[in-house]
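*Asks:* could you look at this predicted model? Sequence included:
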Amino acid sequence: MPGVSDGARALPAPPLRPFLGPYAGYRLSGYPPGVHLGMPAPELTVVVSLDEPLAVTATAHPEQPAGAWGALASGLATSAVSIAHDGNQHGVQLALTPAGSRALLGVPAGAIGAWIVDLRDVLGPDARELAERIAAEPGWPERFAILDEVLVRRAVDDTLDCNLARAWQRLTEPDAPRVADVAREIGWSRRYLVTRFTAEFGIGPKDAMRVARFDRSRQLQRLRPSATLADVAARCGFYDQAHLAREWRALAGVPPSRWRAEERFPLVQDDEPHERAVSTP
């Protein structure tokens, strides 16, 4: 019997939309036990589990051991994390922009880096409130409304430097220019841009470009599973299929062909077409 996925997605309240993407709720059951890869992405990740804590067997930071978290935040990284599961997961995931890290978590993305941190370490008592109130509600609209309430209340005016915001936008968009060209565009030297960029985001400009390109290739394969790897490489800005495969091995730890064949546990990082959209008040 195939696994069952019951999920929902919704845009956050308008004041929050510069800071995070759609809320993603998931309830997955009946899948074969295994290991899911949480892939590098150009957003920070927040997860509140409504079931057992997430068992992370391999983290993205070389100095962080495996662990289990009921609610977590993780920063920008250039390697995947491995999540062991028994075929069942239930929770809510948020994808925060770098500006959202400052506004909602109270720290720049670089302060978290590639580490996984307990959500209480960045949200304080709000983390417990979120977990308890969301768990008490039976439906996704009610849960998403609680997220709106708590996050709007938390949002602070800790503005990301406009030059860094511009550099992030330019370097993570398709057909991104060279780092030196972006530095010239914002009036900084290349060295100064690299220093400020890495301190703010936790990864350097070239790695930001790589992660964004990798993420586009992952999303395209999820949305168009019939696409050939050569087509994915061409559409996402890789030199060729071999370049795509090398980057996947470096960033995900597996070639894309293996991921496509073995990944059977669609956590909320995957925008599954059967997930239903819901609206919040």
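*Replies:* Nice, I can see it.
*Asks:* could you pull out the buried residues of stretch 199-210?
*Replies:* Within stretch 199-210, the residues that qualify as buried by neighbour count (16 or more other CB atoms under 10 Å) are Glu200, Phe201, Gly202, Ile203, Gly204, Pro205, Asp207, Ala208, Met209, Arg210. Where C-beta positions appear, they are placed from N, C-alpha and C, glycine not excepted.
*Asks:* same check on stretch 77-84?
*Replies:* Buried residues in stretch 77-84 (16+ other CB under 10 Å): Ala77, Thr78, Ser79, Ala80, Val81, Ser82, Ile83.
*Asks:* okay, these in CSV with pLDDT and secondary structure next?
*Replies:* Below are the buried residues of stretch 77-84 laid out as CSV (pLDDT from 0 to 100; DSSP: H, G, I helix; E, B strand; the rest coil):
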residue, pLDDT, secondary structure
Ala77, 97, coil
Thr78, 98, coil
Ser79, 97, coil
Ala80, 97, coil
Val81, 96, strand
Ser82, 95, strand
Ile83, 94, strand
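*Asks:* farthest-separated two in those residues?
*Replies:* Based on CB to CB, the longest span within these runs between Thr78 and Ile83 and measures 17.7 Å.
*Asks:* flag the shaky bits of this structure, pLDDT-wise.
*Replies:* Scanning the chain with the threshold set as pLDDT under 70 gives 1-2, 264-281.
*Asks:* hey, where'd the strands end up in the stretch 51-200 of the chain?
*Replies:* Assigned by DSSP state E, counting those that start in this stretch, the strands in the stretch 51-200 of the chain fall at 54-58, 67-69, 71-74, 81-85, 89-96, 116-118.
*Asks:* reformat those as CSV; add distance to Leu16.
*Replies:* Shown next, in CSV, are the strands of the stretch 51-200 of the chain (distance: least, CB to CB, whole Å):
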stretch, distance to Leu16
strand 54-58, 24
strand 67-69, 23
strand 71-74, 16
strand 81-85, 25
strand 89-96, 10
strand 116-118, 21
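*Asks:* nearest to Trp168, out of the ones you listed?
*Replies:* The stretch from those with the least distance to Trp168 (CB to CB) is strand 89-96; that distance is 13.0 Å.
*Asks:* give me the contacts around that closest one.
*Replies:* By CB atoms under 8 Å, 6 or more residues apart in numbering, the surrounding residues in contact with strand 89-96 are 19-21, 23-28, 41, 43-51, 54, 104-105, 134, 143, 147, 265, 267-269.
*Asks:* how about 7 Å then?
*Replies:* Residues outside strand 89-96 that contact it (CB atoms under 7 Å, 6 or more residues apart in numbering): 19-21, 23-28, 43-51, 104, 134, 143, 267-268.
*Asks:* so how far is Val117 from the nearest residue to Gly67 once chain neighbours are set aside?
*Replies:* Distances taken as CB to CB, 6 or more residues apart in numbering place Val56 nearest to Gly67, at 5.8 Å, with adjacent residues excluded. According to CB to CB, to the nearest Å, Val56 stands 12 Å off from Val117.
*Asks:* was I right to think Thr172 contacts Pro42?
*Replies:* Yes. Counting by CB atoms under 7 Å, Thr172 touches Pro42, with 5.1 Å between them.
*Asks:* which neighbours do the two share?
*Replies:* Common neighbours of Thr172 and Pro42, counting by CB under 7 Å, 6+ apart, are Ala208, Ala212.
*Asks:* wait, what's in contact with the closest residue to Gly38 other than its chain neighbours?
*Replies:* For Gly38, ignoring the flanking residues on the chain, the nearest one in space by CB to CB, 6+ apart is Val81 at 4.3 Å. Val81 makes contact with Gly38, Val56, Ala58, Thr59, Ala60, according to CB under 7 Å, 6+ apart.
*Asks:* name the element Ala234 belongs to?
*Replies:* Assigned by DSSP states H and E, Ala234 belongs to helix 229-236.
*Asks:* let me know the angle separating the following helix or strand past that helix from helix 229-236.
*Replies:* Next helix or strand after helix 229-236 toward the C-terminus (DSSP H and E): helix 241-251. Orientation check (axes from the mean of the first three to the mean of the last three CA atoms, to 10 degrees): helix 241-251 against helix 229-236 gives 80 degrees.
*Asks:* re the thing from before, so which of the strands of the stretch 51-200 of the chain is nearest Leu151?
*Replies:* When these are compared by CB to CB, strand 89-96 sits nearest Leu151, at 8.5 Å.
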